[in-house]
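Asks: Fold the stuff below for me.
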Amino acid sequence: MSNFGNSIILLTNPENAVYKLECKFRNIKVSDDGEIKPLGPPLMNEYGIAQVIGLVESIVNENSVWAWIEDRDEVNGLRNLFADTLAKDLMMNRLHYGITDPTARQRIFTESAAFTHLCLKRAFKQGERHFWKGSQQDIRHTVTNDSGGKRNILGWLKK
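Replies: Numbering: from 1, shown residues only. All right, here's what the predicted structure looks like:
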């Protein structure tokens, strides 16, 4: 944990995972050196990718990760609301999004809904908060005066 002590924002920020989801929609793989390798035709056009990623980001964001969701029904309700919205969006905008592969719509829906549900589970019963609370380190420095004299607010000895 000490290696990541100052990186709590990087470790809890879901932006990298959203980027990976976007790469799946584009049907590309990005290597560690930044080289983009196409794996096939994209699942939808740029407009569709932007719309679906925007919908995903309405739930998958830092606020959701740090939220405090106590009730399992709340997680399920948010997931179901997202899933219903996405299903309608994909059905009504199939042509606008350029979805031509009959299986692409199901892949987009499944990957987005599962991704969103797992992000919401991070907030269930303070999961993320409890993890980080137990992983933090407090470093405190104290100065003591062994001579017994009293010090003022700036730390100088009073006579």
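Asks: now for the host helix or strand of residue 50, which elements pack on it?
Replies: Element membership for residue 50, per DSSP states H and E: helix 46-57. Contact here means 3 or more C-beta pairs under 8 Å, 6 or more residues apart in numbering; DSSP states H and E; on that basis helix 46-57 packs against helix 15-26, helix 72-92, helix 104-123. (C-beta placed from N, C-alpha, C; glycine too.)
Asks: so what does the longest one touch, helix or strand wise?
Replies: In this case it means helix 72-92. Checking 3+ C-beta pairs under 8 Å, 6+ apart, helix 72-92 ends up next to helix 46-57, helix 104-123.
Asks: Tell me which of those helices lies nearest to residue 70.
Replies: The closest of these to residue 70 is helix 104-123. By C-beta to C-beta, the value is 9.6 Å.
Asks: Helix 72-92 and that closest one, what's the angle between them?
Replies: 160 degrees (axes from the mean of the first three to the mean of the last three C-alpha atoms, to 10 degrees).
Asks: could you give me the average pLDDT of helix 104-123?
Replies: Computed over helix 104-123, the mean pLDDT rounds to 89.
Asks: next one: stretch 89-98
Replies: Computed over stretch 89-98, the average pLDDT equals 96.
Asks: Also stretch 23-30?
Replies: Mean predicted confidence for stretch 23-30 is 94.
Asks: how far does that stretch stretch from start to finish?
Replies: In stretch 23-30, first residue to last residue: 8 Å (C-alpha to C-alpha, to the nearest Å).
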